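# Let's see this in three dimensions:
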Amino acid sequence: MVRRIDNVGKTVWTFIEGDTHVTSGQTSYSVGFGIAQSGDRLYVGTGVWQKQSNLMKPAVIALDVATGSQVWKKVFDTQPGHGGVRGVIVDGARIICTGYVNNADPGFLFIADAATPAVWELDTSGNMVKEKL
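Residues are numbered from 1 along each chain as shown. Coordinates of the predicted model:
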């Protein structure tokens, strides 16, 4: 969930993302790790639950600052296991993301020792430029 609050503490908009678990009554995990703003866009680093795989996959979601509407979403689903995008940096026309893949456990993890570290580069339209594991 991402929520924009105005200067007096009132909610301007709320954005929620992530599927439910394929098995009723089971927990699905979608977590936000990091956020960066560039102009009229927010880039949110997340782990988003994917119903078709029953896994939390690393993702970046671009939101419109004014409305909270999703502009695009890039899910990094080429690796097995759970993962997340923990850091997001915007450098001109590049979005650099750090995170992890191949983890046994989903959710908000302070440290994912068993995971494989990952770095992704996207353009500002959400297209993958590079992936390094």
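# Around the residue nearest to residue 69 when sequence neighbours are not counted, count how many other residues there are.
Counting by Cβ to Cβ, 6 or more residues apart in numbering, residue 69 lies nearest to residue 63, which is 6.7 Å off, once chain neighbours are set aside. For glycine as for every other residue, the C-beta is placed from the backbone atoms N, C-alpha and C. Residue 63 has 24 neighbours, counted by other Cβ atoms under 10 Å.
# who does whichever strand or helix holds residue 63 pair up with?
According to DSSP states H and E, residue 63 maps onto strand 55-64. Each strand paired with strand 55-64, and its direction, by DSSP bridges: strand 41-50 (antiparallel), strand 70-75 (antiparallel).
# can I get those in TSV with distance to residue 6?
Listed next are these as TSV, based on distance: least, Cβ to Cβ, whole Å:
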stretch	distance to residue 6
strand 41-50	15
strand 70-75	21
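# Out of those, which gets nearest to residue 116?
strand 41-50 (14.1 Å; Cβ to Cβ).
# Check the offset of that closest one from the chain's centre.
Taking Cα atoms, centre = their mean, to the nearest Å, the mean C-alpha location of strand 41-50 is offset from the chain mean by 2 Å.
# which residue is nearest the centroid of this protein?
Geometric centre of the chain, nearest residue: residue 46, 2.1 Å, by Cα atoms, centre = their mean.
# what are the ranges of the strands in the protein?
2-5, 11-15, 31-38, 41-50, 55-64, 70-75, 82-91, 94-103, 116-123, 128-132 (DSSP state E).
# buried residues in the third one?
When burial is assessed from 16 or more other Cβ atoms under 10 Å, strand 31-38 yields the following buried residues: 31-34, 36, 38.
# And the second one, by the same measure?
Of the residues in strand 11-15, those scored as buried under the neighbour-count criterion (16+ other Cβ under 10 Å) are residue 15.
# Same question for the first one.
For strand 2-5, the buried set under the neighbour-count rule, 16+ other Cβ under 10 Å, comprises 2, 4.
# List the strands paired with it, with their directions.
Strand 2-5 is paired, per DSSP bridges, with strand 11-15 (antiparallel).
# Point out where the protein drops to low pLDDT.
Of all residues in the chain, none has pLDDT under 70.
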